[in-house]
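>>> Quick check, what structure comes out for this input:
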Amino acid sequence: MTEPTPLAPRPAELDDRILGVLDTGAEGSSRFLDLLVARLEQRHFLTAVLRVAKPNDWEACPASLLDQLAGQCDVVVIGVCQSSAAAAVTALDAASLER
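Modelled structure (predicted):
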């Protein structure tokens with residue numbers, strides 16, 4: 001059995017952080033993320049929000065977008081998925097960000 005990938009460190013606060021947002025392209029994902037970002041901006045003093053969108057929710061995110069998020073953001077949230085297959089791919093995207 002392989003060891004799980006260790007999680008990246010989580011900041012204790014979101015204030016003065018750059019928030020990355022990865023829209024999965026699933027129906028409703030953009031609206032969900034709009035509401036989530038608005039709520040986070042009300043509660044925290046985010047330095048910036050960098051939002052990128054995958055072409056669709058059934059394929060892995062292009063490495064260039066993941067690299068951009070990982071390189072420029074302190075924290076990244078990922079939108080919703082419409083199927084278990086899409087959720088599995090999105091989980092792989094999240095694991096890639098952890099690295």
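>>> Look at the residue nearest to residue 26 when sequence neighbours are not counted and say how many residues are nearby.
Nearest residue to residue 26, sequence neighbours excluded (CB to CB, 6 or more residues apart in numbering): residue 57, at 4.1 Å. Any C-beta I mention is one placed from the backbone N, CA and C, and that applies to glycine too. Neighbourhood size, residue 57 [other CB atoms under 10 Å]: 23.
>>> Next one, pLDDT for residue 57 please.
The model reports residue 57 with a pLDDT of 79.
>>> close enough to count as contact, it and residue 91?
No. Taking CB atoms under 8 Å as the definition, residue 57 is not a contact partner of residue 91, at 11.9 Å.
>>> what sits in contact with each of those two?
With contacts taken as CB atoms under 8 Å, 6 or more residues apart in numbering, residue 57 and residue 91 have no neighbour in common.
>>> Give the partner strands of the one helix or strand residue 49 maps to in its sheet and their orientations.
Take DSSP states H and E as the rule and residue 49 turns out to sit in strand 48-53. Next to strand 48-53 in the sheet, as set by DSSP bridges, lie strand 18-23 (parallel).
>>> Setting the sequence-adjacent residues aside, check what's closest to residue 78.
Closest to residue 78 by CB to CB, 6+ apart is residue 22, at 4.6 Å.
>>> in the protein, what spans have low per-residue confidence?
The chain contains residues with pLDDT under 70 at 1, 5, 81, 83-87, 90, 98-99.
>>> which stretches of the protein form helices?
29-43, 63-72, 84-98 (DSSP state H).
>>> Could you measure from the residue nearest to residue 26 over to residue 39?
Per CB to CB, to the nearest Å, residue 57 is found 22 Å from residue 39.
>>> what does residue 88 give?
Residue 88 is 27 Å from residue 39, by CB to CB.
>>> quick one: contacts for the closest residue to residue 70 other than its chain neighbours?
With sequence-adjacent residues excluded and distances taken as CB to CB, 6+ apart, residue 70 is closest to residue 97, at 5.6 Å. Counting by CB under 8 Å, 6+ apart, residue 97 touches 8, 66, 69-70, 76.
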